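K.L.:
sequence plus predicted model, see below.
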Amino acid sequence: MLTDFQKLKIRHYFKLWDYERRGYIDFGDFMQLTNRILHIKGLSPDSAEYKSMVAYTRQLWEEVILPFADPKNEGKVSAEEYLRFAEHMLPIAKAMADRKEPDPYGAAFFQMMDTDGDGKVAYRDWAAFILAWGIKDHLVEHFTRMDTDGDGYITLDDLMALYNQFLFSDDPSEPGNYLFGALD
Ligand SMILES: [Ca+2]
Ligand SMILES: [Ca+2]
Ligand SMILES: [Ca+2]
(Lines give C-alpha, C1' and ligand atoms only; values in the text may rest on other atoms or scores of the structure.)
(Ligands and ions follow the chains in the order given, each with its own letter.)
Protein backbone atom coordinates (compact mmCIF):
# COMPACT_ATOMS: atom_id res chain seq x y z
CA MET A 1 0.00 0.00 0.00
CA LEU A 2 1.14 3.48 -0.79
CA THR A 3 1.21 6.09 1.93
CA ASP A 4 -0.67 9.38 1.58
CA PHE A 5 2.61 11.14 0.75
CA GLN A 6 3.41 8.61 -1.97
CA LYS A 7 -0.10 8.98 -3.40
CA LEU A 8 0.37 12.76 -3.44
CA LYS A 9 3.47 12.32 -5.60
CA ILE A 10 1.73 9.92 -7.99
CA ARG A 11 -1.19 12.32 -8.41
CA HIS A 12 1.24 15.20 -8.98
CA TYR A 13 3.09 13.20 -11.63
CA PHE A 14 -0.17 12.25 -13.34
CA LYS A 15 -1.25 15.91 -13.48
CA LEU A 16 1.95 16.79 -15.32
CA TRP A 17 0.95 14.46 -18.13
CA ASP A 18 -2.65 15.67 -17.98
CA TYR A 19 -1.57 19.11 -19.13
CA GLU A 20 -5.06 20.12 -20.20
CA ARG A 21 -6.53 18.88 -16.91
CA ARG A 22 -9.07 16.59 -18.53
CA GLY A 23 -8.80 14.01 -15.75
CA TYR A 24 -7.30 11.39 -18.05
CA ILE A 25 -4.32 11.01 -20.35
CA ASP A 26 -4.11 9.51 -23.80
CA PHE A 27 -1.28 9.02 -26.26
CA GLY A 28 -1.71 12.60 -27.48
CA ASP A 29 -0.95 13.91 -23.99
CA PHE A 30 2.10 11.69 -23.80
CA MET A 31 3.40 12.85 -27.17
CA GLN A 32 2.58 16.48 -26.46
CA LEU A 33 4.97 16.53 -23.54
CA THR A 34 7.74 14.89 -25.56
CA ASN A 35 7.12 17.39 -28.34
CA ARG A 36 7.41 20.33 -25.94
CA ILE A 37 10.77 19.00 -24.72
CA LEU A 38 12.02 18.32 -28.25
CA HIS A 39 11.02 21.86 -29.16
CA ILE A 40 13.08 23.25 -26.25
CA LYS A 41 16.02 21.13 -27.32
CA GLY A 42 15.66 22.57 -30.82
CA LEU A 43 15.92 19.16 -32.46
CA SER A 44 14.98 18.56 -36.06
CA PRO A 45 12.35 15.84 -36.59
CA ASP A 46 14.88 14.16 -38.91
CA SER A 47 17.54 13.84 -36.21
CA ALA A 48 18.36 10.50 -34.59
CA GLU A 49 17.77 11.91 -31.10
CA TYR A 50 14.32 13.21 -32.04
CA LYS A 51 13.36 9.86 -33.52
CA SER A 52 14.68 7.92 -30.54
CA MET A 53 12.71 10.08 -28.09
CA VAL A 54 9.51 9.69 -30.06
CA ALA A 55 10.13 5.93 -30.17
CA TYR A 56 10.80 5.93 -26.42
CA THR A 57 7.55 7.77 -25.73
CA ARG A 58 5.57 5.40 -27.91
CA GLN A 59 7.21 2.35 -26.33
CA LEU A 60 6.51 3.58 -22.82
CA TRP A 61 2.86 4.17 -23.70
CA GLU A 62 2.27 0.95 -25.62
CA GLU A 63 4.36 -1.47 -23.59
CA VAL A 64 4.06 -0.16 -20.05
CA ILE A 65 1.17 2.25 -19.59
CA LEU A 66 -1.61 0.81 -21.74
CA PRO A 67 -1.20 -2.89 -20.86
CA PHE A 68 -1.08 -2.22 -17.12
CA ALA A 69 -2.98 1.01 -16.52
CA ASP A 70 -5.91 0.78 -18.92
CA PRO A 71 -7.81 -2.39 -17.92
CA LYS A 72 -10.88 -1.46 -19.95
CA ASN A 73 -8.86 -0.85 -23.13
CA GLU A 74 -10.21 2.65 -23.61
CA GLY A 75 -6.93 4.02 -24.91
CA LYS A 76 -6.89 6.48 -22.05
CA VAL A 77 -5.88 6.37 -18.41
CA SER A 78 -7.72 8.16 -15.62
CA ALA A 79 -6.10 9.49 -12.45
CA GLU A 80 -7.58 6.58 -10.45
CA GLU A 81 -6.37 4.03 -13.00
CA TYR A 82 -2.93 5.58 -12.85
CA LEU A 83 -2.88 5.37 -9.06
CA ARG A 84 -3.82 1.67 -9.15
CA PHE A 85 -1.15 1.14 -11.81
CA ALA A 86 1.40 2.78 -9.52
CA GLU A 87 0.34 0.64 -6.56
CA HIS A 88 0.91 -2.44 -8.68
CA MET A 89 4.14 -1.34 -10.38
CA LEU A 90 6.05 0.45 -7.63
CA PRO A 91 6.85 -2.67 -5.57
CA ILE A 92 8.17 -4.32 -8.76
CA ALA A 93 10.23 -1.26 -9.63
CA LYS A 94 11.51 -1.10 -6.04
CA ALA A 95 12.65 -4.74 -6.16
CA MET A 96 14.49 -3.98 -9.42
CA ALA A 97 16.10 -0.88 -7.95
CA ASP A 98 17.15 -2.84 -4.83
CA ARG A 99 18.80 -5.41 -7.09
CA LYS A 100 20.50 -2.50 -8.92
CA GLU A 101 19.07 -3.71 -12.21
CA PRO A 102 19.53 -1.15 -14.96
CA ASP A 103 16.41 0.88 -15.57
CA PRO A 104 15.77 0.71 -19.34
CA TYR A 105 14.06 4.08 -19.25
CA GLY A 106 16.61 5.86 -17.05
CA ALA A 107 19.03 6.86 -19.81
CA ALA A 108 16.26 8.07 -22.10
CA PHE A 109 14.78 10.08 -19.29
CA PHE A 110 18.14 11.63 -18.48
CA GLN A 111 18.61 12.50 -22.15
CA MET A 112 15.28 14.33 -22.14
CA MET A 113 16.21 16.24 -19.02
CA ASP A 114 19.63 17.21 -20.38
CA THR A 115 18.03 19.79 -22.64
CA ASP A 116 21.33 21.15 -24.05
CA GLY A 117 22.71 17.62 -24.55
CA ASP A 118 26.14 18.06 -22.91
CA GLY A 119 25.82 14.90 -20.79
CA LYS A 120 24.99 16.54 -17.48
CA VAL A 121 21.92 18.26 -16.12
CA ALA A 122 22.56 21.85 -15.06
CA TYR A 123 19.94 24.12 -13.52
CA ARG A 124 19.07 25.62 -16.90
CA ASP A 125 18.45 22.12 -18.34
CA TRP A 126 16.27 21.01 -15.50
CA ALA A 127 14.37 24.31 -15.37
CA ALA A 128 13.66 24.16 -19.12
CA PHE A 129 12.50 20.56 -18.73
CA ILE A 130 10.29 21.28 -15.75
CA LEU A 131 8.82 24.44 -17.34
CA ALA A 132 7.75 22.23 -20.26
CA TRP A 133 5.62 20.38 -17.72
CA GLY A 134 3.98 23.64 -16.70
CA ILE A 135 5.79 23.96 -13.34
CA LYS A 136 7.39 27.24 -12.36
CA ASP A 137 7.51 27.63 -8.58
CA HIS A 138 10.52 27.21 -6.26
CA LEU A 139 12.70 25.86 -9.07
CA VAL A 140 16.04 27.20 -7.81
CA GLU A 141 15.32 25.97 -4.29
CA HIS A 142 14.52 22.44 -5.46
CA PHE A 143 17.45 22.21 -7.84
CA THR A 144 19.83 23.40 -5.14
CA ARG A 145 18.58 20.68 -2.81
CA MET A 146 18.88 17.99 -5.50
CA ASP A 147 22.46 19.03 -6.34
CA THR A 148 23.64 17.49 -3.09
CA ASP A 149 27.38 17.99 -3.74
CA GLY A 150 26.84 21.57 -4.92
CA ASP A 151 28.82 21.26 -8.18
CA GLY A 152 25.95 22.71 -10.22
CA TYR A 153 25.04 19.48 -11.98
CA ILE A 154 22.91 16.39 -11.67
CA THR A 155 24.64 13.35 -13.14
CA LEU A 156 22.91 10.23 -14.42
CA ASP A 157 23.72 8.44 -11.15
CA ASP A 158 22.34 11.38 -9.16
CA LEU A 159 19.23 11.38 -11.30
CA MET A 160 18.56 7.70 -10.74
CA ALA A 161 18.94 8.16 -6.97
CA LEU A 162 16.60 11.18 -7.04
CA TYR A 163 14.13 9.35 -9.24
CA ASN A 164 14.10 6.41 -6.80
CA GLN A 165 13.37 8.85 -3.99
CA PHE A 166 10.53 10.31 -6.01
CA LEU A 167 9.07 6.87 -6.64
CA PHE A 168 9.64 5.18 -3.30
CA SER A 169 10.45 7.60 -0.51
CA ASP A 170 7.99 8.32 2.27
CA ASP A 171 10.28 10.96 3.77
CA PRO A 172 9.24 14.46 2.59
CA SER A 173 12.70 15.81 3.46
CA GLU A 174 14.40 13.84 0.66
CA PRO A 175 15.26 16.10 -2.30
CA GLY A 176 14.17 13.62 -5.01
CA ASN A 177 10.56 14.08 -4.00
CA TYR A 178 10.73 17.43 -5.82
CA LEU A 179 12.28 16.13 -9.05
CA PHE A 180 9.10 17.17 -10.82
CA GLY A 181 8.61 20.43 -8.92
CA ALA A 182 6.75 21.40 -5.79
CA LEU A 183 3.98 19.01 -4.76
CA ASP A 184 0.55 20.54 -4.59
CA1 LIG B 1 -8.87 3.63 -18.98
CA1 LIG C 1 23.20 19.76 -19.89
CA1 LIG D 1 25.90 17.63 -8.29
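P.N.:
Structure's in. What do you need? Ligands and ions are numbered 1, 2, ... in the order given.
K.L.:
what parts of the chain come near ligand 3?
P.N.:
The chain comes close to ligand 3 at residues 147, 149, 151, 153, as judged by C-beta under 5 Å from the ion. Heads up, the C-betas are built off the backbone N, CA and C, glycines and all.
K.L.:
quick check, the second one in a strand?
P.N.:
Just to be clear, that refers to residue 149. No. Using DSSP: H, G, I helix; E, B strand; the rest coil, the assignment for residue 149 is coil, not a strand.
K.L.:
so it versus residue 175, what's the distance?
P.N.:
Separation of residue 149 from residue 175 (C-beta to C-beta, to the nearest Å): 12 Å.
K.L.:
who's more crowded, those two?
P.N.:
Legend: neighbour count by other C-beta atoms under 10 Å for residue 149 and residue 175, higher for residue 175 (19 against 9).
K.L.:
which secondary structure element is home to the residue nearest to that one when sequence neighbours are not counted?
P.N.:
Setting aside the residues directly before and after it, residue 175 is nearest to residue 145 in space (C-beta to C-beta, 6 or more residues apart in numbering), at 4.0 Å. For residue 145, the host element (DSSP states H and E) is helix 139-146.
K.L.:
can you list contacts of that helix?
P.N.:
123, 126-127, 130-131, 154, 158, 162, 175-176, 178-179, 181-182 (C-beta atoms under 8 Å, 6 or more residues apart in numbering).
K.L.:
go again with 7 Å.
P.N.:
For helix 139-146, the surrounding residues in contact (C-beta atoms under 7 Å, 6 or more residues apart in numbering) are 123, 126, 127, 130, 154, 162, 175, 176, 178, 179, 181, 182.
K.L.:
in helices, which of the residues you listed appear?
P.N.:
Among these, the ones falling in helices (DSSP state H) are 123, 126, 127, 130, 162.
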